[in-house]
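Asks: pasting the sequence and the predicted model now:
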Amino acid sequence: MKDITSKERLLLKQIRKRTPMYIGEYSLNKLEVFFEGYKEALFNYDLNNQCCIIPKKFNEFVLKKYEQNPSTMGYVRAILQHVNDGKEAVEIFFNLLDEFLQENGFEKI
């Protein structure tokens, strides 16, 4: 597994501090769309092998944490099943990402 690159770490720190500035509001669904667009841009510019904003194994980590079947949902849906508040959902996402990174030997965001 590769770590999140320094540029993406900086972006994630900024998003964590001011989520609505990047996606208009506190919304885990909108944050996921932002990340998917970011990954698509990396792919289109042939940078997807050099950059990483959300590690591939993060989804599995969250689903295991919430005891969910990987074939039925992703990390967003798993988190949103336990919290309705957008701001809290985004905070939980970043806390889980920090926990995931730390468990895999990487620095938190």
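Replies: In hand now; what should we look at?
Asks: stretch 21-35: which residues count as buried?
Replies: By neighbour count with 16 or more other CB atoms under 10 Å, stretch 21-35 contains the buried residues I23, Y26, S27, L28, K30, L31, E32, F34, F35. In this view, the C-beta of every residue, glycine as well, is placed from N, C-alpha and C.
Asks: in CSV, list these along with distance to F58 and secondary structure.
Replies: Formatted as CSV, these follow (distance: CB to CB, whole Å; DSSP: H, G, I helix; E, B strand; the rest coil):
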residue, distance to F58, secondary structure
I23, 18, helix
Y26, 20, coil
S27, 18, coil
L28, 13, helix
K30, 18, helix
L31, 13, helix
E32, 12, helix
F34, 15, helix
F35, 10, helix
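Asks: out of these, who's nearest P70?
Replies: Of all the buried residues of stretch 21-35, E32 has the smallest distance to P70: 16.2 Å, by CB to CB.
Asks: contact partners for the closest one?
Replies: With contact taken as CB atoms under 8 Å, 6 or more residues apart in numbering, E32 is in contact with G74, V76.
Asks: please redo it, this time with the cut-off set to 10 Å
Replies: Contacts for E32 were tallied using CB atoms under 10 Å, 6 or more residues apart in numbering; they are I23, I54, G74, Y75, V76, R77, F93.
Asks: buried subset of those as a PyMOL selection?
Replies: Of the contacts of E32, the buried ones can be selected in PyMOL as follows, counting by 16+ other CB under 10 Å:
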select buried, resi 23+54+75+76+77+93
